[in-house]
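Student: below are the sequence and a predicted model; questions follow.
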Amino acid sequence: MRKATWVTALGACLALLVVALVVYLSMDRGRAGASRTVVRPTGTILMGIRDLARLETNELHLEKVVDLTDKGSRFFGLIGTSDAILLIAAGDVTVGIDLTKLGDGDFAVDPATGAARLTLPPPEVLSVRLDEEHTYVYRRTTSLLAQRNEHLESKARQEAVRAIEDAAKDAAVMEKARKQAERQIRDLLEKFGVTQVTLGWRPS
(Lines give C-alpha, C1' and ligand atoms only; values in the text may rest on other atoms or scores of the structure.)
Protein backbone atom coordinates (compact mmCIF):
# COMPACT_ATOMS: atom_id res chain seq x y z
CA MET A 1 0.00 0.00 0.00
CA ARG A 2 2.79 2.35 0.90
CA LYS A 3 4.62 1.38 -2.28
CA ALA A 4 1.55 2.19 -4.42
CA THR A 5 1.14 5.53 -2.67
CA TRP A 6 4.80 6.32 -3.24
CA VAL A 7 4.53 5.45 -6.94
CA THR A 8 1.41 7.59 -7.28
CA ALA A 9 3.13 10.53 -5.61
CA LEU A 10 6.17 10.11 -7.83
CA GLY A 11 3.95 10.06 -10.93
CA ALA A 12 2.19 13.22 -9.78
CA CYS A 13 5.54 14.96 -9.27
CA LEU A 14 6.70 13.94 -12.73
CA ALA A 15 3.46 15.21 -14.22
CA LEU A 16 3.91 18.54 -12.43
CA LEU A 17 7.49 18.76 -13.72
CA VAL A 18 6.33 18.13 -17.29
CA VAL A 19 3.62 20.81 -16.98
CA ALA A 20 6.12 23.27 -15.49
CA LEU A 21 8.60 22.53 -18.31
CA VAL A 22 5.95 23.09 -20.98
CA VAL A 23 4.89 26.39 -19.38
CA TYR A 24 8.52 27.53 -19.09
CA LEU A 25 9.31 26.67 -22.71
CA SER A 26 6.19 28.51 -23.84
CA MET A 27 7.16 31.60 -21.88
CA ASP A 28 10.74 31.34 -23.10
CA ARG A 29 9.59 31.17 -26.71
CA GLY A 30 7.45 34.26 -26.12
CA ARG A 31 10.41 36.14 -24.66
CA ALA A 32 12.68 35.01 -27.50
CA GLY A 33 10.14 36.16 -30.09
CA ALA A 34 9.84 39.54 -28.40
CA SER A 35 13.62 39.99 -28.31
CA ARG A 36 13.83 39.42 -32.08
CA THR A 37 11.29 42.16 -32.82
CA VAL A 38 13.27 45.30 -33.63
CA VAL A 39 11.46 48.55 -34.33
CA ARG A 40 13.28 50.57 -36.97
CA PRO A 41 11.58 53.99 -37.17
CA THR A 42 14.37 55.26 -39.43
CA GLY A 43 13.41 52.96 -42.28
CA THR A 44 9.71 53.69 -41.90
CA ILE A 45 10.16 57.44 -42.06
CA LEU A 46 12.70 57.25 -44.88
CA MET A 47 10.34 55.12 -46.97
CA GLY A 48 7.55 57.59 -46.26
CA ILE A 49 9.68 60.45 -47.55
CA ARG A 50 10.78 58.49 -50.61
CA ASP A 51 7.16 57.74 -51.47
CA LEU A 52 6.67 61.46 -52.13
CA ALA A 53 9.07 61.00 -55.07
CA ARG A 54 9.43 64.70 -55.87
CA LEU A 55 9.29 67.69 -53.58
CA GLU A 56 8.33 70.63 -55.79
CA THR A 57 9.52 73.89 -54.25
CA ASN A 58 9.30 76.54 -56.99
CA GLU A 59 7.51 77.13 -60.27
CA LEU A 60 8.91 79.70 -62.69
CA HIS A 61 7.45 81.28 -65.80
CA LEU A 62 10.19 82.44 -68.17
CA GLU A 63 10.34 83.96 -71.64
CA LYS A 64 13.10 83.62 -74.20
CA VAL A 65 13.67 85.07 -77.67
CA VAL A 66 15.39 82.57 -79.99
CA ASP A 67 16.99 83.93 -83.16
CA LEU A 68 18.09 80.98 -85.29
CA THR A 69 19.56 81.09 -88.79
CA ASP A 70 20.45 78.23 -91.12
CA LYS A 71 23.13 79.58 -93.46
CA GLY A 72 24.20 78.08 -96.75
CA SER A 73 25.63 79.02 -100.13
CA ARG A 74 24.99 78.59 -103.83
CA PHE A 75 27.05 78.72 -107.00
CA PHE A 76 30.26 77.37 -105.44
CA GLY A 77 29.98 79.64 -102.45
CA LEU A 78 29.58 82.84 -104.44
CA ILE A 79 26.12 83.61 -103.09
CA GLY A 80 25.18 83.19 -99.46
CA THR A 81 21.74 81.99 -98.44
CA SER A 82 19.85 82.01 -95.17
CA ASP A 83 16.75 80.54 -93.66
CA ALA A 84 15.96 82.30 -90.38
CA ILE A 85 13.40 82.18 -87.63
CA LEU A 86 12.67 84.45 -84.67
CA LEU A 87 10.77 82.54 -82.01
CA ILE A 88 9.17 84.14 -78.96
CA ALA A 89 9.07 81.34 -76.39
CA ALA A 90 7.43 81.16 -72.99
CA GLY A 91 7.97 78.26 -70.65
CA ASP A 92 7.14 76.91 -67.22
CA VAL A 93 9.84 75.35 -65.05
CA THR A 94 9.40 73.27 -61.90
CA VAL A 95 12.30 73.23 -59.45
CA GLY A 96 12.58 70.91 -56.46
CA ILE A 97 14.14 67.87 -54.83
CA ASP A 98 14.16 64.33 -56.20
CA LEU A 99 13.52 62.38 -52.98
CA THR A 100 14.01 59.02 -54.69
CA LYS A 101 17.74 59.81 -54.58
CA LEU A 102 17.77 59.55 -50.78
CA GLY A 103 19.95 56.68 -49.59
CA ASP A 104 19.84 54.68 -46.35
CA GLY A 105 22.85 56.61 -45.06
CA ASP A 106 21.19 59.97 -45.65
CA PHE A 107 18.78 59.65 -42.75
CA ALA A 108 19.19 58.77 -39.08
CA VAL A 109 16.83 59.19 -36.13
CA ASP A 110 17.22 58.70 -32.40
CA PRO A 111 13.97 57.09 -31.15
CA ALA A 112 14.76 58.06 -27.56
CA THR A 113 15.09 61.80 -28.18
CA GLY A 114 13.13 62.15 -31.43
CA ALA A 115 16.08 63.93 -33.05
CA ALA A 116 16.77 63.28 -36.74
CA ARG A 117 19.54 64.05 -39.23
CA LEU A 118 18.76 64.22 -42.94
CA THR A 119 21.07 64.89 -45.90
CA LEU A 120 19.16 66.00 -48.99
CA PRO A 121 20.19 65.77 -52.64
CA PRO A 122 20.72 69.19 -54.24
CA PRO A 123 17.74 70.98 -55.82
CA GLU A 124 17.34 70.54 -59.55
CA VAL A 125 15.08 71.32 -62.47
CA LEU A 126 12.37 68.68 -62.37
CA SER A 127 10.52 69.64 -65.53
CA VAL A 128 10.50 72.19 -68.36
CA ARG A 129 7.60 72.71 -70.73
CA LEU A 130 6.80 75.33 -73.31
CA ASP A 131 3.69 77.41 -72.85
CA GLU A 132 2.19 76.77 -76.26
CA GLU A 133 -0.43 79.49 -75.86
CA HIS A 134 2.27 82.15 -75.53
CA THR A 135 4.97 80.64 -77.77
CA TYR A 136 4.89 81.75 -81.39
CA VAL A 137 6.98 82.46 -84.47
CA TYR A 138 7.47 86.21 -84.66
CA ARG A 139 9.31 86.19 -87.97
CA ARG A 140 10.38 83.61 -90.56
CA THR A 141 12.51 84.65 -93.57
CA THR A 142 14.00 82.51 -96.30
CA SER A 143 16.27 84.13 -98.89
CA LEU A 144 15.54 83.73 -102.58
CA LEU A 145 17.95 80.89 -103.33
CA ALA A 146 17.86 79.20 -99.93
CA GLN A 147 16.31 75.84 -99.32
CA ARG A 148 13.69 76.12 -96.60
CA ASN A 149 14.58 74.02 -93.55
CA GLU A 150 11.32 72.49 -92.34
CA HIS A 151 12.99 71.46 -89.05
CA LEU A 152 14.17 74.95 -88.15
CA GLU A 153 11.18 75.72 -85.93
CA SER A 154 11.66 72.44 -84.06
CA LYS A 155 15.32 73.34 -83.49
CA ALA A 156 14.29 76.78 -82.24
CA ARG A 157 11.85 75.23 -79.79
CA GLN A 158 14.52 72.82 -78.52
CA GLU A 159 16.90 75.73 -78.06
CA ALA A 160 14.21 77.63 -76.18
CA VAL A 161 13.67 74.72 -73.77
CA ARG A 162 17.43 74.43 -73.18
CA ALA A 163 17.82 78.17 -72.59
CA ILE A 164 14.84 78.32 -70.22
CA GLU A 165 16.20 75.35 -68.25
CA ASP A 166 19.63 76.98 -67.98
CA ALA A 167 18.03 80.21 -66.74
CA ALA A 168 16.19 78.27 -64.03
CA LYS A 169 19.50 76.88 -62.75
CA ASP A 170 20.51 80.32 -61.55
CA ALA A 171 22.17 80.26 -58.10
CA ALA A 172 19.51 82.54 -56.58
CA VAL A 173 16.72 80.25 -57.81
CA MET A 174 18.43 77.17 -56.37
CA GLU A 175 19.05 78.88 -53.03
CA LYS A 176 15.37 79.78 -52.81
CA ALA A 177 14.53 76.14 -53.58
CA ARG A 178 16.81 74.97 -50.74
CA LYS A 179 15.11 77.20 -48.18
CA GLN A 180 11.65 76.19 -49.31
CA ALA A 181 12.60 72.50 -49.22
CA GLU A 182 13.97 72.83 -45.69
CA ARG A 183 10.69 74.34 -44.48
CA GLN A 184 8.62 71.64 -46.14
CA ILE A 185 10.83 68.78 -44.92
CA ARG A 186 10.82 70.06 -41.33
CA ASP A 187 7.02 70.25 -41.37
CA LEU A 188 6.83 66.74 -42.84
CA LEU A 189 9.17 65.18 -40.26
CA GLU A 190 7.27 66.82 -37.41
CA LYS A 191 4.19 64.96 -38.60
CA PHE A 192 6.19 61.73 -38.24
CA GLY A 193 6.90 62.64 -34.61
CA VAL A 194 10.43 64.00 -35.07
CA THR A 195 11.08 66.79 -32.54
CA GLN A 196 14.47 68.07 -33.73
CA VAL A 197 15.73 68.11 -37.33
CA THR A 198 19.27 68.69 -38.56
CA LEU A 199 19.30 69.20 -42.34
CA GLY A 200 22.32 69.01 -44.62
CA TRP A 201 22.89 69.05 -48.37
CA ARG A 202 24.95 66.91 -50.69
CA PRO A 203 27.36 68.91 -52.84
CA SER A 204 25.98 69.81 -56.26
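Tutor: Yep, that arrived. Numbers count the residues shown, from 1 in each chain.

Student: need the helices for this protein, in chain order.
Tutor: 2-36, 41-50, 152-168, 171-191 (DSSP state H).

Student: where among the ones you listed is average confidence lowest?
Tutor: Comparing mean pLDDT across these, the weakest is helix 2-36, with a mean of 48.

Student: so what's the residue count around the residue nearest to Ala146 when sequence neighbours are not counted?
Tutor: The spatially closest residue to Ala146, leaving aside those adjacent along the chain, is Thr81, at 3.6 Å (Cβ to Cβ, 6 or more residues apart in numbering). C-betas here are computed from N, CA, C, even on glycine. Neighbours of Thr81 under the rule other Cβ atoms under 10 Å: 15.

Student: the residue nearest to Leu118 when sequence neighbours are not counted: neighbour count?
Tutor: The shortest distance from Leu118 to any non-neighbouring residue, by Cβ to Cβ, 6+ apart, is to Phe107 (5.2 Å). For Phe107, the count of nearby residues is 19 (other Cβ under 10 Å).

Student: one more: the one 3 residues further on?
Tutor: Using other Cβ under 10 Å, Asp110 is surrounded by 14 other residues.

Student: dump the residue contacts of it.
Tutor: Ala116 (Cβ atoms under 8 Å, 6 or more residues apart in numbering).

Student: and it, how close does it get to Met174?
Tutor: Separation of Asp110 from Met174 (Cβ to Cβ, to the nearest Å) stands at 31 Å.

Student: what does the pLDDT read for Ala116?
Tutor: 85.

Student: what does Leu78 give?
Tutor: For Leu78, the model assigns a pLDDT of 72.

Student: residues in contact with it?
Tutor: Counted by Cβ under 8 Å, 6+ apart, Leu78 has zero contacts.

Student: how close does it sit to Ala84?
Tutor: Leu78 is 20 Å from Ala84, by Cβ to Cβ.

Student: and Arg74, by the same measure?
Tutor: In this view, Arg74 and Ala84 are 16 Å apart by Cβ to Cβ.

Student: between the two, which is the more surrounded one?
Tutor: Legend: neighbour count by other Cβ under 10 Å for Arg74 and Ala84, higher for Ala84 (18 against 14).

Student: cool, thanks, signing off.
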